[in-house]
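> sharing a sequence plus its predicted fold:
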Amino acid sequence: MVFANVGTLGAAPGKRDELVAHLTRRSSVLSEVGCLAYEVGTNDAEPDTVFVVELWKDAAAHKASLALPEVTEAIAEARPLLSGAFGGFHFEVAGSPLRD
């Protein structure tokens, strides 16, 4: 069943655009391990927040991705851009009107 991980990342003051650039760097490894979508966005009403929506083939694929060297390295590189404020939720997708 498709797994959704939706969250917010607090950016250090003035670092939002740099964080967005970091999060949107092309990564073929994510799709190879089961990431179906990884969307990053902003909202001018919350200038120090980055929004992320991830869809994975299942929760196990998401969990396994966190152990990949490429992913752990990307997380370490992002840390200086983060304020430490995080939010979000995850769920098993029940369905969609866009697909069977």
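Good, I have the coordinates. Numbering: from 1, shown residues only.
> which strand in the chain has the most residues?
The strand that spans the most residues within the chain, counting by DSSP state E, is strand 82-92.
> in that strand, what counts as buried?
Across strand 82-92, burial judged by 16 or more other C-beta atoms under 10 Å covers L82. No exception for glycine: its C-beta is placed from N, CA and C like everyone else's.
> figure out how far that strand is from the centre of its chain.
Here strand 82-92 is found 9 Å from its chain centre; the criterion is C-alpha atoms, centre = their mean, to the nearest Å.
> on contacts alone, who are the packing partners of that strand?
Where contact means 3 or more C-beta pairs under 8 Å, 6 or more residues apart in numbering; DSSP states H and E, strand 82-92 is packed against strand 3-11.
> which helices and strands sit right next to the strand it packs on?
Contact partners of strand 3-11 among helices and strands, from 3+ C-beta pairs under 8 Å, 6+ apart: helix 16-23, strand 49-56, helix 59-65, strand 82-92.
> pairing partners for it, with directions?
As defined by DSSP bridges, the strand partners of strand 3-11 come to strand 49-56 (antiparallel), strand 82-92 (antiparallel).
> no more questions from me, cheers.
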